[in-house]
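S.K.: Build me a model from this:
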Amino acid sequence: MKRSKLLRVVAAGVLLAIVAGCNDGSSPPAFVSAPASVTPESTSVTTGPTEAAPSSNPVSGVPVNGAQTPEAVSAALAALPANIRARVPQFPAPPAAFKVKLPPGEKAPNFQRIPTKDRIAFITIDDGWEKNPLAVKLFQAANVPITLFLEVDAVKVKPAYFTELQQTGAVIEAHTLTHPNLPGMSYEAQKHQICGSADQLGKLYGRRPVLFRPPFGAFNGNTLRAVKDCGMKASFTWKETTDKGKIRFQDGHKRVAPGDIILMHFRPAFIEDFLAVLTIIQKSNLTPALLEDYIP
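M.R.: From the prediction side, this is the model:
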């Protein structure tokens, strides 16, 4: 079998395995990612840690590195139901961030994790279909940096909901217009999905995204070329995923490793998923950090 045909067969199998876990809230497999020939993890070299000023949301100016005031955290906790309030851990501030070295060339890199030994992990939330009213208070009470990869179709029904999350310090990045399987599309069609999502989210939220997540974690060379041609810096998949309050691990261990990117979604089990992510980060002796701080 020719190599190109083999890649198409493998990619199709991956898509069938993960599609149920990305749109309808059903339980995904233990962990499935596209094969290395389709979704390679970046081998970018990092520089050492450097002193950095605390990050802030480029639109609202709200600090995003766990810098809510104690009074704001206390007020948010008090506003949550008691059974949720008791399960929200508190974390120390993350260490000073460093910038990864992005490789040159016509394609953006893809990362499943940030290569670091610092005891940090990254919380990322996709799509935007479910809009739980407690999310704002939960974000404020947890007081941790969060990256939202939003699908335009999912947010345009009620864009103000994500403005409120943005005002807590969450940073909004791109996740296509309509959540298609990108490797099955031409370069131009992929570019329309990727550039279009960045453009529309920029208009809605006052800042054009610089990071991208491919739907289903599936991408090819055309995807990464379009990401760069659309003015974005990098693509991101993940190491752990969350659904219905359960963490699923890629590598068979039961902890989050330093630098891991964790995926969850705006789904009906949003509260349980978010609390599960916070709990596993704490049990892994890590602290949440902001993904955008590590990308030059």
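S.K.: Quick check: residue 121 vs residue 97, distance?
M.R.: Here residue 121 is placed at a distance of 13 Å from residue 97 (C-beta to C-beta, to the nearest Å). Where C-beta positions appear, they are placed from N, C-alpha and C, glycine not excepted.
S.K.: joint contacts of these two?
M.R.: Listed contacts common to residue 121 and residue 97 are residue 289; contacts here mean C-beta atoms under 8 Å, 6 or more residues apart in numbering.
S.K.: what about the closest residue to residue 186 other than its chain neighbours, helix or strand, and which?
M.R.: Nearest non-adjacent residue to residue 186, counting by C-beta to C-beta, 6 or more residues apart in numbering: residue 222, 7.4 Å away. Using DSSP states H and E, residue 222 falls within helix 221-229.
S.K.: which strands and helices sit next to that helix?
M.R.: helix 187-205, strand 234-236 (3 or more C-beta pairs under 8 Å, 6 or more residues apart in numbering; DSSP states H and E).
S.K.: which is the next helix or strand following the shortest one?
M.R.: Next along the chain after strand 234-236, taking DSSP H and E as the criterion, comes strand 240-243.
S.K.: show me what contacts residue 242?
M.R.: 248, 262-265, 273, 276-277.
S.K.: Report how many residues lie close to the residue nearest to it when sequence neighbours are not counted.
M.R.: Among residues not flanking residue 242 along the chain, residue 264 sits closest, at 4.2 Å (C-beta to C-beta, 6+ apart). Residue 264: 24 surrounding residues under other C-beta atoms under 10 Å.
S.K.: what is residue 264 paired to in the beta sheet?
M.R.: Using DSSP bridges, the bridge partners assigned to residue 264 are residue 125.
S.K.: Could you do residue 174 as well?
M.R.: Legend: beta-bridge partners of residue 174 under DSSP bridges are residue 150, residue 212.
S.K.: What is the neighbour count of it?
M.R.: Counted with other C-beta under 10 Å, residue 174 comes out at 29.
S.K.: cool, and the one 10 residues further on?
M.R.: The tally of other residues near residue 184 (other C-beta under 10 Å) stands at 14.
S.K.: can you check residue 167 too?
M.R.: Residues lying near residue 167 (other C-beta under 10 Å) number 16.
S.K.: in the stretch 1-150 of the chain, which ranges drop under the pLDDT threshold?
M.R.: Confidence mapping of the stretch 1-150 of the chain against pLDDT under 70 gives the ranges 1-67.
S.K.: quick one, helices of it?
M.R.: Remark: helices assigned in the stretch 1-150 of the chain by DSSP state H, counting those that start in this stretch are 3-18, 20-23, 70-79, 82-85, 135-142.
S.K.: Correct me if wrong: the residue nearest to residue 242 contacts residue 273.
M.R.: Yes. The pair residue 264 / residue 273 is scored as a contact, 4.6 Å apart, by C-beta atoms under 8 Å.
S.K.: who touches both of those two?
M.R.: 242-243.
S.K.: Please identify the deepest-packed of the helices and strands packed on helix 221-229.
M.R.: Ranked by mean neighbour count, these are led by strand 234-236 with a mean of 24 (mean count of other C-beta atoms under 10 Å).
S.K.: who's in contact with that strand?
M.R.: Here strand 234-236 makes contact (C-beta under 8 Å, 6+ apart) with 42, 102, 108-112, 124, 149, 211-214, 219, 223-224, 227, 261, 291, 295.
S.K.: picking up where we left off before, tell me the one of the contacts of residue 242 nearest residue 204?
M.R.: Of all the contacts of residue 242, residue 265 has the smallest distance to residue 204: 19.4 Å, by C-beta to C-beta.
S.K.: what about the closest residue in space to the closest one that isn't next to it in sequence, how many neighbours?
M.R.: If the residues on either side of it in the chain are set aside, residue 265 comes closest to residue 126, at 4.9 Å by C-beta to C-beta, 6+ apart. Number of residues near residue 126 (other C-beta under 10 Å) recorded here: 25.
S.K.: and the gap between residue 126 and residue 101?
M.R.: Applying C-beta to C-beta to residue 126 and residue 101 gives a distance of 27 Å.
S.K.: Run the chain-centre distance for stretch 281-292.
M.R.: 13 Å (C-alpha atoms, centre = their mean, to the nearest Å).
S.K.: no, scratch that, I was asking about stretch 98-118
M.R.: That offset, for stretch 98-118, works out to 15 Å (C-alpha atoms, centre = their mean).
S.K.: Show the end-to-end separation of it, please.
M.R.: Across stretch 98-118, the terminal residues are separated by 10 Å (C-alpha to C-alpha, to the nearest Å).
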